[in-house]
Each structure stands twice: as structure tokens, then as C-alpha cells.
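Visitor: Need the 3D shape of this:
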Amino acid sequence: MRVVVSGSTGLIGSSLTDRLRSAGHKVLTLHRFVPTSGDRLRWDPSSGAIDWGTHCGTQVDAVIHLAGENIGANRWSAARKVEFRLSRVEATRSLVKTLLELPQPPSMFIGASAIGYYGDHGDNWIEEHQASGSDFISKLALDWEQATLPLKAVACRVVHARFGMVLSMNGGAFAKMLTPFRWGLGAQLGSGQQWMSWISLEDCTAALLHALIAPKLAGGVNFVSPAPLRNTNFTQALARLLHRPALCRVPAGLLRIVFGEMADALLLRSQRVAPTQLNASGFRFADPTFEPMLVRLLNNRSPNSVRNRR
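Guide: Alright, predicted model coming up:
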């Protein structure tokens, strides 16, 4: 397949493009503010314009749209929230408009979303059929997904990849957590009873490739492992495997003072999410449970079953 990927330099995107090429797909990547060169295409997210260069007129089979401002990088402000909407909702609308203007639009579109779509559900399991929440991050995810609606007019199969926390030693939230834990400063967040839904980077990229070839996958799809765990269990397991103590607890009130609205949206929210659609489509997880996955990451090993997947 000829696949266009945005956000190809991010944690998921860089792993994904490598896997796509290894699987024999032709990959074109979208980049802001750089001239088109070879398979790297200049893209203006505000207008949606793509400089196709020598690929002009070439059929695009699928688009995987991962680009978006990092919501966990800095404390949220009114200006940051505007950036989130521009980089997610408006950029997606513009990209979709450009794709619809192609002589033959792609038949497959995978767009990044997040399990933040659902809001806080306490101890209850969350599946894809459940409605979106009512807070800022839930509404942002809903609008992000709805920006792809015009693609239905051309019978394009659309998957909204609702990512949980993606775990990798190479970047993202987990890599940032390791430093305080290695110094013995790992701590439970708030009550520690909130559910954390995660997925290894290897399973995440494998699931994206699976979505390309699983014709029944469409709409919201939870990209999470089958075994979420509470924050207190996450903290204890990571500290134990690093042979460090984790005796502290950071009160929810202090987290809200330090991080503001981010604290409830990213650190204290309880989301016990099930990968119902992935399971039903036949996807097999290489890292279904947390501690074996964590041992593998800390020992820099690859999952044994990756090569046996579809």
C-alpha cells in the first residue's frame, strides 16, 4: 500500500514508519516548514496544502494522521488550549479537505485520538460504544474525531485510534517517569486507586498496521492492553523492578496546584478501558500484561511474538 503518515517524527510515528516500510509498504511522510524532498512532503496544517513533488498524481491508499500538539508538555493555559484545537481539530479538517480534492481519495484513514474521549468512569469498564465525556479533553477528542466525517461521503473507512498511555523507553510519559523512580522518588498519585490504561509501543504500532488490513475495524478503537492497572500497582511494580522504594504519595490537591487542569485530565482520571474492537478483530497482543512487559522494557528486549503477528 502507499501510505501517507503525519506525525512521523513522534514516538508512535517513528516506530510506525519503520514497521510500515519493513512490511513492504511505500511511505510518504508529512512535515511542516520543510521543503519537499523524496518521500518527505511539505505540509501546511493550517490550510491542509501538501506539496506532492514528484508524487503528484500518485494514488494514496491510506492515511495515518498522528500529528498534534503534545498535551502533556506544559501546564495548560487558554493559549495552549487554542493550540491543541488548532493542531488537532482544525488541522484534521484541513487535511481531510485536501484528501477529498484528490482525483481518487484514500480508502482508509486512521486518525489519532485518545481514551480521554470517555472522561472519568471510576471502576467501570469502558468500551468503544460508550459516549464521550463532558470535560475539555473529552470534547477535544470528540471534535477531533468528528473532523473526519466528510470522508464518509467517499466511502473511506475511518478508524479513530483512541490511544491509552503508550509505554516505551524511547520517549513519552513513561521515559520521563523513569528518572524519579530510579532516584527512589517514585510516588503514588492522589489516592492511587485510579485505573491506568496502557499499551506498549510495539503493540501500538502493530495494532495500527493491523487496522490497515482488518476491514471490519472502523470508528472508535481502543488502543490499550487487555490489563489496565491501578496507579498504586503501577507505582509498586515499577519501583520493585528498579529495586527502589516508592513510599511517597503526592496528594491530589498538590498535583492540582502544580499542574492545574492537567492534573485531573492526565494524572488523576480513572479509566479502565477494554480493547474490545481489537480483540474482536483478531489482534494478538505481544504485551498483554504489565509486569512482563515492564521486565522486557527494562532489559531492552523485543516481544517474542511480534514476528508471528499477521
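Visitor: Helices of the stretch 101-250 of the chain, residue ranges please.
Guide: 136-146, 172-182, 201-213, 231-241 (DSSP state H, counting those that start in this stretch).
Visitor: by how many degrees do the second one and helix 201-213 diverge?
Guide: Read it as helix 172-182. On the basis of axes from the mean of the first three to the mean of the last three C-alpha atoms, to 10 degrees, helix 172-182 is oriented at 170 degrees to helix 201-213.
Visitor: Now tell me what touches helix 172-182 from outside.
Guide: If you take C-beta atoms under 8 Å, 6 or more residues apart in numbering as the criterion, helix 172-182 is touched by 11, 72, 165-169, 186-187, 201, 238-239, 242, 244, 246, 297. Using the backbone N, CA and C atoms, a C-beta is placed for each residue, glycine as well.
Visitor: can you check stretch 287-299 too?
Guide: Outside stretch 287-299, the residues within contact range by C-beta under 8 Å, 6+ apart are 167-169, 174, 198-200, 202-203, 225-227, 229, 233-234, 237-238, 241-242, 302-303.
Visitor: I'd say Arg162 and Tyr117 touch.
Guide: Yes: counting by C-beta atoms under 8 Å, Arg162 does reach Tyr117; the two are 5.6 Å apart.
Visitor: anything in contact with each of these two?
Guide: In contact with both Arg162 and Tyr117: Ala141, Gly220, using C-beta under 8 Å, 6+ apart.
Visitor: what comes up buried for the lowest-mean-pLDDT helix or strand in the chain?
Guide: Every helix and strand in the chain was compared by mean pLDDT, DSSP states H and E; the lowest is helix 172-182, with a mean of 84. Across helix 172-182, burial judged by 16 or more other C-beta atoms under 10 Å covers Gly172, Phe174, Met177, Phe181.
Visitor: Let me have those in TSV, adding distance to Thr148 as columns.
Guide: Below are the buried residues of helix 172-182 laid out as TSV (distance: C-beta to C-beta, whole Å):
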residue	distance to Thr148
Gly172	24
Phe174	28
Met177	32
Phe181	38
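Visitor: one step back: what about the helices of the stretch 101-250 of the chain, which gets the closest to Asn279?
Guide: Among the helices of the stretch 101-250 of the chain, helix 201-213 comes nearest to Asn279, with 10.9 Å by C-beta to C-beta.
Visitor: mind listing what Gly57 touches?
Guide: Here Gly57 is in contact with Pro103 (C-beta under 8 Å, 6+ apart).
Visitor: try it again with 7 Å
Guide: For Gly57, no contacting residues are found, by C-beta atoms under 7 Å, 6 or more residues apart in numbering.
Visitor: ok, now Glu101?
Guide: By C-beta under 7 Å, 6+ apart, Glu101 has no neighbours at all.
Visitor: per-residue confidence at it?
Guide: As predicted, Glu101 sits at a pLDDT of 94.
Visitor: Phi, psi for Leu41 please.
Guide: Torsion angles at Leu41 (phi, psi; degrees, to the nearest 10) stand at phi -110, psi 130.
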